[in-house]
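Participant: Pasting the sequence and the predicted model now:
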Amino acid sequence: MKTSRTIAVGALGLCLLFIAGCRTVIVARPGPPPPPRGVVYVPAAPWPGRAWVRGHYIWRPVWGRYQWIPGHWAR
């Protein structure tokens, strides 16, 4: 009984040592750049039942950068 308690306390101590040695790394990506110059947010003639979605940036993790998505009509 005493041996199993000693082993359990020792295992707990080793686990705490391993956890204390771990470090957390936080990687923050940069914010999106401003919209490209010359981008006009005035849509063409409106269509019934549709809404204009302004252009925006989306993050492309494979490329490691933002990509500009131009404005478009959506339902």
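Facilitator: Received the coordinates, thanks.
Participant: Number of residues surrounding Arg65?
Facilitator: By the criterion of other C-beta atoms under 10 Å, Arg65 has 13 neighbours. Bear in mind the C-beta positions are built from the backbone N, C-alpha and C, glycine included.
Participant: where in this protein is pLDDT low?
Facilitator: 1-2, 14-22, 39-45 (pLDDT under 70).
Participant: which residue ranges form the strands in it?
Facilitator: 51-53, 56-60, 65-69, 72-74 (DSSP state E).
Participant: closest one to Ala11 among these?
Facilitator: Closest of these to Ala11 is strand 56-60, at 42.4 Å (criterion: C-beta to C-beta).
Participant: residues of the closest one that come out buried?
Facilitator: Neighbour-count burial for strand 56-60 flags Tyr57 (criterion: 16 or more other C-beta atoms under 10 Å).
Participant: burial of Trp73, as a residue count?
Facilitator: 13.
Participant: what bridges to it?
Facilitator: When bridges are called by DSSP bridges, Trp73 pairs up with Trp52.
Participant: was I right about it contacting Val53?
Facilitator: Yes: under the criterion of C-beta atoms under 8 Å, Trp73 makes contact with Val53 at 7.4 Å.
Participant: just to revisit the earlier point, just put the strands of the chain in TSV and tack on distance to Gly38.
Facilitator: What follows is those, written out as TSV (distance: least, C-beta to C-beta, whole Å):
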stretch	distance to Gly38
strand 51-53	18
strand 56-60	16
strand 65-69	12
strand 72-74	18
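Participant: Nearest to Gly13, out of those?
Facilitator: Closest of the strands of the chain to Gly13 is strand 56-60, at 42.5 Å (criterion: C-beta to C-beta).
Participant: quick one: the closest one to strand 65-69, angle?
Facilitator: 140 degrees (axes from the mean of the first three to the mean of the last three C-alpha atoms, to 10 degrees).
Participant: Look up which residues are beta-bridged to the nearest residue to Gln67 once chain neighbours are set aside.
Facilitator: What sits nearest to Gln67 in space, not counting adjacent residues and going by C-beta to C-beta, 6 or more residues apart in numbering, is Arg60, at 5.1 Å. Here Arg60 sits in beta bridges with Arg65, as judged by DSSP bridges.
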